[in-house]
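Participant: What would the 3D arrangement of this be:
(one chain, ligands or ions: 2)
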Amino acid sequence: MRRPQVVVMGVSGSGKSTVGEQVAELLGVPFVDGDALHPAANVAKMASGVPLTDDDRIPWLRAVGRALAETSPEGAVVACSALKRSYRDLIRSEAPDALFAELDGDRALLAARMAARPGHFMPVSLLDSQLATLEPLQPEEHGLRLDVSRSPAELADAIAGAVRAAA
Ligand SMILES: Nc1ncnc2c1ncn2[C@@H]1O[C@H](COP(=O)(O)OP(=O)(O)O)[C@@H](O)[C@H]1O
Ligand SMILES: O=C(O)[C@H](O)[C@@H](O)[C@H](O)[C@H](O)COP(=O)(O)O
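Facilitator: Numbering: from 1, shown residues only. Ligands and ions are numbered 1, 2, ... in the order given. You can find the predicted model right below:
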């Protein structure tokens, strides 16, 4: 298998961190949570209920792309919302072979998962702006879309299988 570079993407609460960690485990590569790469100002903004702008996100997306390309010679899995096509293009400018696994779910399920998640900075009130910003993965983009009504283990298996098939 070529070195896997995988972005688990989707709106807040879709399971990027939970599923991404399991994908990394299955592939035997490091996992990087994109949340940890945000500057403190971005986290403070989201925690106060204000959506990020493109200007807030651009340096962060470059950092996500660099993490994907540079964390390990074996490859990596990164959890990153990557909501717009232009954001994914920025990540691909650092990691051209990245495979994007989009986690989709209906609003009620996502809101319930966000509300049940203890101690996270992201308020449920930002879910609607996340969904409004989301541009789903397009057919010509390298990746797959999955519905998050399935278990994390099933989702991780499907993503790892797609990565292996693409290698
Ligand atoms: N497929 C799933 N089925 C059930 N619960 C899930 C699933 N994926 C994630 N969760 C739960 O939903 C919440 C949000 O998941 P998380 O990984 O933090 O999402 P994200 O990183 O996309 O914001 C967490 O409490 C997590 O345990
Ligand atoms: O671009 C953004 O608006 C943020 O990056 C957002 O999409 C991201 O999802 C946050 O980091 C919240 O963290 P969770 O996704 O873990 O809720």
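Participant: Residues of this structure that sit close to ligand 2?
Facilitator: 12, 13, 16, 17, 35, 38, 46, 52, 57, 81, 122, 130 (CB under 6 Å from any ligand atom). All C-beta atoms are positioned from the backbone trio N, CA, C, and that covers glycine.
Participant: in the protein, which spans are strands?
Facilitator: Secondary structure of the chain by DSSP state E: the strands cover 5-9, 31-33, 76-79, 99-104, 143-147.
Participant: And the contacts of the second one?
Facilitator: Same thing as strand 31-33. 17, 20-21, 23-25, 64, 67-68, 71, 76-79 (CB atoms under 8 Å, 6 or more residues apart in numbering).
Participant: Next, count neighbours for residue 48.
Facilitator: 9 (other CB atoms under 10 Å).
Participant: What separation do you get for residue 153 and ligand 1?
Facilitator: 9 Å (CB to the nearest ligand atom, to the nearest Å).
Participant: show me what contacts that residue?
Facilitator: Counted by CB under 8 Å, 6+ apart, residue 153 has contacts residue 22.
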